[in-house]
Each structure stands twice: as C-alpha cells, then as structure tokens.
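Chemist: Here is the input, now give the coordinates:
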Amino acid sequence: MPKGDEKSTLTDIAIQKAPAAAPGKRSYLWDANVDSLGIRITDKGSRSFVFMRRLNGKQFLETLGRYGTKPGEMSLKEARTKAREINERIGEGHNPLAEIRENKAAAKAAPPADAPIAFTVAKAIELYEKRHISKMKPRSQLEARRPLSAILAAKWSTRPLASITKADIRGALDEIVDAGHPVAANRALMNLRAFFNFMVEHDRLDANPCATIKDPGGKETSRDRILSDEEIKLMWPVMKECSYPFGTMGQMLLITSQRRDEVANMRWSEITDLDGENPVWTIPAEKNKGARLHEVPLSPLAVSILKTIPRIAASFPNGRPPVLSDFVFTTDGKHPVSGFSGGKERLDELVTKMLTEAEVEPMPHWTLHDLRRTAASNMARDDIPPHVVSRVLNHSAGKTEGITAIYNRYGYLREKRHALESWAARIERIITPDSKVVGIRA
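Modeler: As a prediction, the model looks like this:
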C-alpha cells in the first residue's frame, strides 16, 4: 500500500466522511478486515474500491468499482466479497489481477453492438462440451474441462475464438509453470491442443495455435517420492491440526491409498456397514479412472476418522429447509471439496513452521499423489502380494495376469481388507507419540 497509509476497518460512514485528496493527488483508506482491499479518493472527492497486491514480483493495483449504491456502482459488502474471491484465486495459484486486465482489454476490443456475432471462446467451449466431452469417460471429462475453465473461459470467454494466439496460450501455460505446477501445464497443453484440433476439424479455425508449442513443463520423469516413516509421523499431527476438510482428507488419502479426486468425491451413501464388522466404501464405475466398480474395505483407523467428520447441511433459497449433504468432504454441502492447491499449501506451511521451531531441515517437496504411492509401497513392504496391491489401487490387470484376468472376476475383498488393515496398523505404530520431532531423510 502507499507509504504512510494504515489499515482500519472500513465503514460506509468512514468512506463518506473521508476528505478529498490534495490537489493533483489521490489518497487511500485500507481495510483491516479484507487483505489488499482499499478505497481510493481523488482530489475531486470521487471514491472507488481498489485491490493492491504484489504478485510474481510486480505490484498490481486494480480498480474494482466506483463506490455507491446506484446501478453500476459497488457497495462495501460487494467489494469485500470481490476482494475475498481474488485472494482465494491467488491462493490457488492463479493471477486473477492479470485476468481482469486481459478481460477489460478484450471488452474494449469487442465489436460494435450491430456487428455480426462472433464465434466466441464461450461458444466454442459449449460446442466442444456437447459434441466431444459429453461422450468421454467421466474421469476424462474432468481432465478435459480443467484448462477450458481455468484458462480459456477465465481469461478470454468473450473473445472470438480465431483471435486466440500462440502467444496467448504460451503465456497462460507459463503462469502455471511459474506457480510451481509444470506437470499440470503439460496436461493443460495436451487438452488445449485437442480442443483446438477439434475446432480445426469442424471448420471453426484455420490453424491450431497450440500446434508447435512444446511441453512448457519440460520432459516428465516417473516420480518415485515415498514418504518415510519419520515424514508420516511428522505429517499426521499436521493433518490433524489442518483439520477438516483438507487435513482429514489427507489422512484418508494415506489410509485408503485411493486417488485424490475419488476421495474428494466420497459420499456417505457409498459407505456401508460403518458400525459393523465389514465396513466398505464402494466407488461406482462412473466415478473412478478404471471405469470399474471398486470396493475399498475400511480399516478401523479409517472408520474412526470417518466418525469424526461433521455432516454438513446444504442451505437452499426460497425458505427450503437445509438438507444434510451426501458429500463426505464439502464446505457448502452442495459440492465436493476443491481448491486442493490451497489445502496443500496450508499443510506445507504447518510443516515448515513445526520444523523451523524444532531447528530441523525442511521436508523435501511432496505431492498428494505421493501419499497413494507411499501406501502402495508399504503394503508391498508388508509382503502383500503385488496382484492384491494392484486390486487395492484399482489398477487394470497387467501383463503378469495375462488372459486369465479376462475370466477372473473375483473381487479380492478379503485380501484387500487384510492389506489395508495391515497398512493402517503400520500407520498407527508409526504415529505413536514416543519421541520428539526428528530429522527428515531426503
């Protein structure tokens, strides 16, 4: 914020009574309730909400709207809501201030009202959804939609499709790489290339702007990161402190060894016999990568954690009574939890704080998917047969099973339960608090 300006709780009275700035100057009042939100006052007494924050080494100051209650003006409540949304997007690794500027520039370049309606990016996405994405498997649909929503729709929804250039795409992908997600940038390019190929094939474009772009994240190598026992012992109380939903979800990822999106989309209606002797979480075929119904036996440790999870009620307008959500991990009761990068950052912050206080070396970089790999490796460490570990992970039958897999429809439920209960028992031995924080092996 400008030098000399201090934060205070903004109110309508304070905004209205604030004096005009000195001739040729602008003054600012900064809100103590919402980070980076302020009101700018000109020498003529005009008042506008602004958002200022440093991103990627650059200072951004963006006008959100003119203060007031008339049509087209912005109230204090609306400004705080908008500022919170921007802060949340920044926490997820996006650069919403740059997106706002690009959208404003695109709006200025829009054709006159009486000009022919262009085939916009939004219309192209709608066509692609109807003709292509809707025919894909559920998991593939999710992957295909991500860059369309996070890049195309978020940045250039109203622009003509033909105006999107290679430089536009390259810049958006570089932002993802700079945010520390090179693999995600490669996946985004793959799906964007398929989208533009579709448009070329259907005579909506003359050329694919992604055609000659190389993987922005560079060459990918097979990851082999496995959390050590010391790291598991460190992470467990951190996950408890992070709490619901992301901390609890991290615990369930480690215990069940299932994929992130599958755990995030877990429903109470998919869980049976939670209070009995054989509790099972059944993932429907349409909700998992293998497109196969998948039964996940729940260990006593998994059950104990599930029983601590609150049932969230979804609220509805028009006086409808709240309804208990079927989602196990949710913040509003209406949708499964999302914003994984923000949750992961919170976990990393807590780990760093704990290790710094203990004067211990930082923990090497890890991902949520490493929890699944850690579980699988430890099951093998406990002499669980490879084909049983494969069933727990819901991998497709490999070459080792050959044609036998076509005829073998045995579900291995008993063997999977033994594997997951053995792994949960190992976790409980690891996390037993019998020593102080120790160093982490790289």
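
Chemist: which ones are touching T11?
Modeler: Listed by C-beta atoms under 8 Å, 6 or more residues apart in numbering, the contact partners of T11 are L76. Quick note: C-beta positions are derived from backbone N, CA and C, even for glycine.

Chemist: Now do it against E78, distance only.
Modeler: 15 Å (C-beta to C-beta, to the nearest Å).

Chemist: E129 now?
Modeler: 31 Å.

Chemist: Kindly report the same for A179.
Modeler: Distance from A179 to E78, by C-beta to C-beta: 28 Å.

Chemist: next one: L227
Modeler: In terms of C-beta to C-beta, L227 sits 44 Å off from E78.

Chemist: So for the two, which sits in the more crowded spot?
Modeler: L227 (23 against 14; other C-beta atoms under 10 Å).

Chemist: residues touching that one, list them.
Modeler: M235, W366, D370, L371, T374.

Chemist: and with 7 Å instead?
Modeler: L227 makes contact with M235, W366, D370, T374 under the criterion C-beta atoms under 7 Å, 6 or more residues apart in numbering.

Chemist: Which of these lies at the shortest distance from R89?
Modeler: Nearest to R89, judged by C-beta to C-beta, of the contacts of L227 is W366 at 24.1 Å.

Chemist: Please give the element, helix or strand, for that closest one.
Modeler: Using DSSP states H and E, W366 is not contained in any helix or strand.

Chemist: what does E428 give?
Modeler: helix 413-431.

Chemist: Dump that helix to CSV, keeping only the CA atoms.
Modeler: This file holds the C-alpha atoms of helix 413-431, laid out as CSV (Å, rounded to 0.1, in the frame of the first residue of the first chain):
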residue,chain,number,x,y,z
LEU,A,413,-12.4,-58.2,-1.0
ARG,A,414,-11.0,-60.3,1.9
GLU,A,415,-7.4,-59.9,0.6
LYS,A,416,-7.8,-56.1,0.1
ARG,A,417,-9.2,-55.8,3.7
HIS,A,418,-6.1,-57.6,5.1
ALA,A,419,-3.8,-55.4,3.0
LEU,A,420,-5.5,-52.1,4.1
GLU,A,421,-5.8,-53.2,7.8
SER,A,422,-2.1,-54.2,7.8
TRP,A,423,-1.2,-50.8,6.4
ALA,A,424,-3.4,-48.9,8.9
ALA,A,425,-1.8,-50.9,11.7
ARG,A,426,1.6,-49.8,10.5
ILE,A,427,0.5,-46.2,10.4
GLU,A,428,-0.7,-46.4,14.0
ARG,A,429,2.6,-47.9,15.0
ILE,A,430,4.4,-45.1,13.2
ILE,A,431,2.4,-42.2,14.6
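
Chemist: mind listing what's buried in it?
Modeler: 415-424, 426-427, 430-431 (16 or more other C-beta atoms under 10 Å).

Chemist: For stretch 143-153, give the distance from the opening residue to the closing one.
Modeler: End-to-end distance for stretch 143-153, by C-alpha to C-alpha, to the nearest Å: 15 Å.

Chemist: Touching that stretch from outside, list them.
Modeler: V121, A122, I125, I133, M136, A172, R187, A188, N191, L192, F195.

Chemist: same thing but at 6 Å, please
Modeler: Residues from elsewhere that reach stretch 143-153 (C-beta atoms under 6 Å, 6 or more residues apart in numbering): V121, I125, I133, A172, A188, N191, L192.

Chemist: and the residues you listed, which are buried?
Modeler: Here, 16+ other C-beta under 10 Å leaves V121, I125, I133, A172, A188, N191, L192 buried among the contacts of stretch 143-153.

Chemist: And the strands in the stretch 201-350 of the chain, which stretches?
Modeler: 271-272, 280-283, 294-297, 313-314, 323-324 (DSSP state E, counting those that start in this stretch).
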